[in-house]
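>>> Here is my input; please provide its structure:
(one chain, ligands or ions: 1)
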Amino acid sequence: MRKPFVAGNWKMHKTVEEARLLVAEMLAGLQAVAGVEKVLCPPFPALLPVAAMLMGTEIGLGAQNMHWEEEGAFTGEVSPRMVAEFARYVILGHSERRAYFGETDETVHRKVAAALKHDLVPIVCVGETLAEREAGATEAVITRQVRGALAGFPPETVAAMVLAYEPVWAIGTGKAATPEEANRVVKDHIRATLAEMFGAEAAQAVRVLYGGSVKPHNAADFFAQPDIDGALVGGASLKAASFVAIAEAAAAGL
Ligand code: 13P
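Numbers count the residues shown, from 1 in each chain. Presented below is the predicted three-dimensional model:
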């Protein structure tokens, strides 16, 4: 059985001081949740201080992005080596990166390769926009993004990754997908594409999260879906009580 997985993506929120306060507030509650992989993804400046606070706990740390090059003249970028110093996970291909910062399937693929080289676990995001959904292009978009990000990697490597289905229209809008619809996309488009590319075993082993307006009141309904293994949480990860409640909902579904 796949282990449930809950990650908090703080996006561009929290100074180092605020990050420390938030982690201090959620630490005991999160540690009390057993059987669930829990990951915090603060902005870059807070990675080091949060890493120090998580030391000796089972709570993982993730970055929200990185460049694919090892080092060099790339002003403003952060390399996989720098991320791997503190973090074990890295979110790649988030829709906000795709929409505002020119991320493409090709750059996501390069970043996945770089993450693997540095023993980082990529959390690869895919998801259609509202216009794409209304045009009936959901399947085509998801399939293209999955293929674009993951083509050519060994099945056993893909099996150990984490994917996140984040329909763009559900992110930060308070309008989550229905759990059944999210599960349908994960099963029929994401896992089915993975099965074609890497075989049924890898497709079943990959953890696939849902993201987009996951809150304490709806989390359990997503976790009850057979093909959804957890959540990538934005807004609700900025408050200790709501993120802990979501992690508890994942544990309750075990
Ligand atoms: P919200 O939970 O704020 O909708 O954000 C989801 C998300 O984009 C997580 O990566």
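>>> Can you tell me the number of residues neighbouring the residue in the chain that the ligand sits nearest to?
Closest approach between the chain and the ligand, counting by Cβ to the nearest ligand atom: residue 234, at 2.2 Å. To be clear about C-beta, it is placed using only N, CA and C from the backbone, and glycine gets the same treatment. By the measure other Cβ atoms under 10 Å, the count of residues near residue 234 is 22.
>>> One more: the one 10 residues further on?
By the criterion of other Cβ under 10 Å, residue 244 has 23 neighbours.
>>> What sits closest to it if chain neighbours are left out?
What sits nearest to residue 244 in space, not counting adjacent residues and going by Cβ to Cβ, 6 or more residues apart in numbering, is residue 29, at 3.7 Å.
>>> so the one you found sits in a helix?
Yes. Assessed with DSSP: H, G, I helix; E, B strand; the rest coil, residue 29 lies in a helix.
>>> ok, back up a step: let me see the contact set for the spatially closest residue to the residue of the chain closest to the ligand that is not a sequence neighbour.
Closest residue in space to residue 234, ignoring its immediate chain neighbours: residue 9 at 5.3 Å, by Cβ to Cβ, 6+ apart. Residues in contact with residue 9, defined by Cβ atoms under 8 Å, 6 or more residues apart in numbering, are 41, 64, 91, 94, 211, 232-234, 237.
>>> CSV please, covering those and showing pLDDT.
Compiled in CSV, the contacts of residue 9 are given as follows (pLDDT from 0 to 100):
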residue, pLDDT
41, 99
64, 98
91, 99
94, 98
211, 98
232, 98
233, 98
234, 98
237, 98
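>>> so of these, which ones are in strands?
Counted as lying in strands by DSSP state E, out of these, are 41, 91, 211, 232-233.
>>> Quick one, which of these are buried?
41, 91, 211, 232-233 (16 or more other Cβ atoms under 10 Å).
>>> Up against the ligand, what does this structure have?
Residues of the chain lying close to the ligand by Cβ under 6 Å from any ligand atom are 9, 94, 166, 171-172, 211-214, 232-236.
>>> sorry, back to before: just to check, the residue of the chain closest to the ligand is in contact with residue 174?
No. Counting by Cβ atoms under 8 Å, residue 234 stays clear of residue 174, with 11.2 Å between them.
>>> Find me the pLDDT at residue 117, would you?
pLDDT recorded at residue 117 is 98.
>>> how close does it get to residue 177?
From residue 117 across to residue 177, the span is 33 Å (Cβ to Cβ, to the nearest Å).
>>> same thing with residue 47?
The gap separating residue 47 from residue 177 is 30 Å, by Cβ to Cβ.
>>> quick one: the helices in the stretch 151-254 of the chain?
For the stretch 151-254 of the chain, helices defined by DSSP state H, counting those that start in this stretch occupy the ranges 155-159, 179-184, 192-198, 200-205, 219-223, 240-252.
>>> Look up phi and psi at residue 239.
With angles defined as degrees, to the nearest 10, residue 239 sits at phi -120, psi 130.
>>> Run a quick neighbour tally on it.
For residue 239, the neighbour count with other Cβ under 10 Å is 14.
>>> Excluding chain neighbours, what is closest to it?
Once flanking residues are discounted, residue 239 sits nearest to residue 22: 8.0 Å by Cβ to Cβ, 6+ apart.
>>> Test my guess that residue 204 contacts residue 191.
Yes. The pair residue 204 / residue 191 is scored as a contact, 7.2 Å apart, by Cβ under 8 Å.
>>> So which of these two has more stuff around it?
Comparing residue 204 with residue 191 by other Cβ under 10 Å, the one with more neighbours is residue 191, at 20 against 13.
>>> Next, the residue located most distally from the centre of the chain: secondary structure please.
In terms of distance from the mean C-alpha position of the chain, residue 73 ranks first, at 28.2 Å (Cα atoms, centre = their mean). With three-state DSSP as the basis, residue 73 sits in coil.
>>> what pLDDT does it get?
Reported pLDDT at residue 73 in the predicted model: 98.
>>> cool, residue 84 as well?
Here, the pLDDT recorded for residue 84 equals 98.
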